[in-house]
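Visitor: Quick one: sequence plus predicted model below, questions after.
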2 protein chains.
Amino acid sequence: MKKYTIKDIAQLAGVSKGTIDRVIHNRGNVAKDVEDKVKQLLSDINYQPNLIARNLKNNKVFKIGALLPDPEKDPYWDVCMDGINTALSEFNAFDVRINTFLFDPTSTADFLKNNEAMLQTSPDVILMVPLFYKEAKRVLEHYQSLNIQVCTFNNQITTSSATFIGQDLYQSGRVAAKLLHSINAGGDMAIIHIDEQYKNAVHMQEKEKGFKSYFEDVGNYEGQILKCKLKHGEAEDKLSVFLSKHPHLKGIFVTNSKAFHVARVLQTETKSQIKLVGYDLLFENINHLKNGVIDFLIHQNPRQQAYLGMKFLIEHLVFEKQIPEQFLLPIDIINSENVAPFLRS
Amino acid sequence: MKKYTIKDIAQLAGVSKGTIDRVIHNRGNVAKDVEDKVKQLLSDINYQPNLIARNLKNNKVFKIGALLPDPEKDPYWDVCMDGINTALSEFNAFDVRINTFLFDPTSTADFLKNNEAMLQTSPDVILMVPLFYKEAKRVLEHYQSLNIQVCTFNNQITTSSATFIGQDLYQSGRVAAKLLHSINAGGDMAIIHIDEQYKNAVHMQEKEKGFKSYFEDVGNYEGQILKCKLKHGEAEDKLSVFLSKHPHLKGIFVTNSKAFHVARVLQTETKSQIKLVGYDLLFENINHLKNGVIDFLIHQNPRQQAYLGMKFLIEHLVFEKQIPEQFLLPIDIINSENVAPFLRS
DNA sequence: TCTTAAATTGTGCTCGAACACAGCGTCGCT
DNA sequence: AGCGACGCTGTGTTCGAGCACAATTTAAGA
């Protein structure tokens, strides 16, 4: 219960605080028997250094590098900065500085360029969205060799040792399936991938797998599970064709934040009975959620992901806390009635 | 960007650090013109004192009093201690001590007794669940007169100035309504209050109001909205009678954590088509969620409520942060597929 | 003008950890 | 014996804020 200081321990051990300090930091120049005795004492009383005092003395400016997709190019990333700033303000007692670099989420070259720029600022730790698998892998290996702690979020680079913060995508596919199953008596279901690029391929595949696995677990589900890929620009036209081909379709699962494209098409059909589940609280998605065309959205909570990443990194720097290898956020189910508080928290 | 210290400011103002300190803390004994000049300077450079150094010097032990319902009497409260301990461990760099007092959630006398005991420990700030309106109101007024900062959660005492952390109950009723509306083609709905006691009356009424308001907004909803109150002990028998009286019933909304009672009854009916929505991740509720008798649960997140309360209080003590008057948590929708991570986070 | 009280301002120590440096004893070598 | 080298230990300063107390200036009264 009582908090021991180095001075207390010095007195107990009958030596000076300098010697205790040498033992604690393994700085040598301590007689073997004294070292053993002090080490024993330290563990006996479970000595915890006063981190306040340590930080005051060290008086260090911690530098964090952030490498994120540019929200101007994709509004999905808009809220990340909020999360980062929340974490920063929680720790504004400490001198933590951040250098943010925004890359074009469609350009691997821009990713690498900004990564170089970030390296120039010689950050102590790094927060990044490893959007491009191959490039991110190499970059992460580089940081590991430099012994720089990294937190990644949104995308999991499984081969990397960097900490990952995000959702269980397979399970989120199952959540979507369960939702569509709940709100439909039965019928055909469609998994729709929109604007699929190789960078997101793994994402969408995991969700698809989870979705399918749910209906397999249900056991001889009466309807069919269809699949449809749509490319940018032609998405809405192709979708209309797809819908007319499948009149028994009862539910649609869009595997990314582009559900609003589907919603636009469904909206034109009079009295569509097709239920729609998608991802992410984009402005247009929320509008369709409120007017009833989208039934549920799954919230991936990029704000919280960025917030947690920052928090982990800062606590690591300031308190030398260990960062978990992986942190999976809960899968938030959103409908028209509970959406409001998620937009600000 | 640069961090100014008292010494820096003293130099800039051409006085000693003692004078700066007197100005900052309004301790008087400073010539008017010097005071004005220093104050101007402080605001010009937006001086932020180094809270690390302040805490080191003050070296204070902060005492928090906690007054919570006993989890042994109602398992709903089980996870509160987890939340409290999480907050405590996040701030273990500071010397924050907590004295927890558990009261019987069925006894106002026990609430008052434990409150007295807590007062004896002379806490700096207090975290409490003001379960009993009348008694809690008086207690809170007392603390206000003692100038002790209080965080309450779970129950809102609207007349009090104490901070409240919890959910928007009216809105959570709307969420339940929307969910039942989504998973049913139509039909009668029942709001079921189980074990209603005066202490929870407001709770349940708010949820009921929200639930009804949703169906009013839908506009000439085809089914009826029924209501049913069940008392402890006879709940399941009375419910069977109620169900046989209302054969067109399609959905049930249980306004507290006792949905498992309804689930037990529904389970016996072969192929029941009645959908069920309730509250809280109790063990038995989760089992029924997984076997499909309960369709959705609304998570009130008592762990998070307790965690946030502690966090607010500690940040207030340590960093002198202001605590918001009210903090409403998002309303989490839980089904069988996303329940897992909520049990530990 | 001198004395004394009051008003103002400056100095120095403290908190706990980190680390530089000084001190001291022992040993070996010439 | 004299000398440095080395191993070990103790001392003192630093970080920034807070506060007690010393020091100085100013005002007031005789």
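Guide: Great, that's in hand. Numbering: from 1, shown residues only, chains lettered A, B, ... in the order given.
Visitor: my guess is A:Met81 meets A:Pro71, correct?
Guide: Yes: with contact defined as Cβ atoms under 8 Å, A:Met81 counts as touching A:Pro71 (7.4 Å). Every C-beta, even on glycine, is put in place using the N, C-alpha and C of the backbone.
Visitor: Show me which residues of chain A are close to DNA strand D?
Guide: Within chain A, the positions near DNA strand D by Cβ under 7 Å from any atom of the strand are A:15-19, A:22, A:28-32, A:34, A:53, A:56-57, A:59.
Visitor: Which elements pack onto the top helix by length along chain A?
Guide: What stands out as the longest helix in chain A, according to DSSP state H, is helix A:198-218. In terms of contacts (3 or more Cβ pairs under 8 Å, 6 or more residues apart in numbering or on different chains; DSSP states H and E), helix A:198-218 is packed against helix A:133-145, helix A:169-182, strand A:188-194, strand A:225-230.
Visitor: what about burial for the residues of chain A next to DNA strand D, which qualify?
Guide: Using 16 or more other Cβ atoms under 10 Å in any protein chain shown as the burial test, the residues of chain A next to DNA strand D include A:Val15, A:Thr19, A:Arg22, A:Val30, A:Val34, A:Ala53, A:Leu56 as buried.
Visitor: In TSV: the helices and strands packed on helix A:198-218, plus mean neighbour count.
Guide: Formatted as TSV, these follow (neighbours: other Cβ atoms under 10 Å in any protein chain shown):
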stretch	mean neighbour count
helix A:133-145	16
helix A:169-182	24
strand A:188-194	23
strand A:225-230	17
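Visitor: Tell me which of the ones you listed lies nearest to A:Lys321.
Guide: Across these, A:Lys321 has its closest neighbour in helix A:133-145 (19.2 Å, Cβ to Cβ).
Visitor: what lines up beside the helix or strand following that closest one in the sheet?
Guide: Going down the chain from helix A:133-145, the next helix or strand is strand A:149-153, by DSSP states H and E. Next to strand A:149-153 in the sheet, as set by DSSP bridges, lie strand A:125-128 (parallel), strand A:163-166 (parallel).
Visitor: picking up where we left off before, pLDDT (mean, whole number) over the longest helix of chain A?
Guide: Averaged over helix A:198-218, pLDDT sits at 89.
Visitor: so where is the stretch 51-200 of chain A shaky, pLDDT-wise?
Guide: Along the stretch 51-200 of chain A, the parts satisfying pLDDT under 70 run over A:198-199.
Visitor: measure the residue of it found nearest DNA strand D to B:Asp237 for me?
Guide: Minimum separation of the stretch 51-200 of chain A from DNA strand D (Cβ to the nearest atom of the strand) falls at A:Lys57, amounting to 3.7 Å. To B:Asp237, A:Lys57 is 70 Å away according to Cβ to Cβ, to the nearest Å.
Visitor: same check, this time on A:Asp124
Guide: In terms of Cβ to Cβ, A:Asp124 sits 66 Å off from B:Asp237.
Visitor: Next: A:Phe327.
Guide: 47 Å.
Visitor: can you check A:Gly65 too?
Guide: Note on A:Gly65: its distance to B:Asp237, by Cβ to Cβ, is 65 Å.
Visitor: cool, A:Arg303 as well?
Guide: A:Arg303 is 48 Å from B:Asp237, where distance means Cβ to Cβ.
Visitor: count of neighbours near A:Lys250?
Guide: Residues lying near A:Lys250 (other Cβ atoms under 10 Å in any protein chain shown) number 19.
Visitor: List the single closest residue to it in space, sequence neighbours excluded.
Guide: Once flanking residues are discounted, A:Lys250 sits nearest to A:Gly187: 3.0 Å by Cβ to Cβ, 6 or more residues apart in numbering or on different chains.
Visitor: So which of the buried ones among the residues of chain A next to DNA strand D sit within helices?
Guide: Among those, the members found in helices (DSSP H) are A:Thr19, A:Arg22, A:Val34, A:Ala53, A:Leu56.
Visitor: can you list those in CSV and add distance to B:Leu266?
Guide: As requested, those are exported to CSV (distance: Cβ to Cβ, whole Å):
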residue, distance to B:Leu266
A:Thr19, 71
A:Arg22, 69
A:Val34, 72
A:Ala53, 60
A:Leu56, 62
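Visitor: Return the member of those residues nearest to A:Ile286.
Guide: Nearest to A:Ile286 out of those is A:Leu56 (Cβ to Cβ; 46.2 Å).
Visitor: so that closest one touches B:Ile52, yeah?
Guide: Yes: A:Leu56 lies in contact with B:Ile52 (Cβ under 8 Å); the separation is 5.0 Å.
Visitor: any chance you could map the strands in chain A?
Guide: A:62-69, A:96-103, A:125-128, A:149-153, A:163-166, A:188-194, A:225-230, A:249-254, A:275-279, A:296-299, A:326-328, A:332-334 (DSSP state E).
Visitor: got CSV for those strands, with distance to DNA strand C too?
Guide: As requested, the strands of chain A are arranged in CSV below (distance: least, Cβ to the nearest atom of the strand, whole Å):
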stretch, distance to DNA strand C
strand A:62-69, 15
strand A:96-103, 18
strand A:125-128, 19
strand A:149-153, 19
strand A:163-166, 24
strand A:188-194, 52
strand A:225-230, 56
strand A:249-254, 52
strand A:275-279, 45
strand A:296-299, 41
strand A:326-328, 27
strand A:332-334, 40
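Visitor: Looking at the ones you listed, which is nearest to B:Leu282?
Guide: Short answer: strand A:332-334, nearest of the strands of chain A by Cβ to Cβ, at 19.2 Å.
Visitor: counting contacts, what elements does the closest one pack onto?
Guide: Strand A:332-334 packs on strand A:296-299, strand B:332-334, going by 3+ Cβ pairs under 8 Å, 6+ apart.
Visitor: could I get the helices and strands packed on helix A:198-218 as CSV with distance to B:His261?
Guide: Below are these laid out as CSV (distance: least, Cβ to Cβ, whole Å):
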stretch, distance to B:His261
helix A:133-145, 50
helix A:169-182, 22
strand A:188-194, 34
strand A:225-230, 36
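Visitor: wait, which of those is closest to chain B?
Guide: Checking the helices and strands packed on helix A:198-218 against chain B by Cβ to the nearest Cβ gives helix A:169-182 as the closest, at 4.3 Å.
Visitor: Next, the angle from the closest one to strand A:249-254.
Guide: Interaxial angle, helix A:169-182 versus strand A:249-254 (axes from the mean of the first three to the mean of the last three Cα atoms, to 10 degrees): 150 degrees.
Visitor: Pull the residues that contact helix A:169-182.
Guide: With contact meaning Cβ atoms under 8 Å, 6 or more residues apart in numbering or on different chains, helix A:169-182 is reached by A:189, A:203, A:206-215, A:218, A:250-253, A:255, A:275, A:277, A:279, A:295-296, A:298, A:300, A:331, A:333, B:182-183, B:295, B:335-338, B:340.
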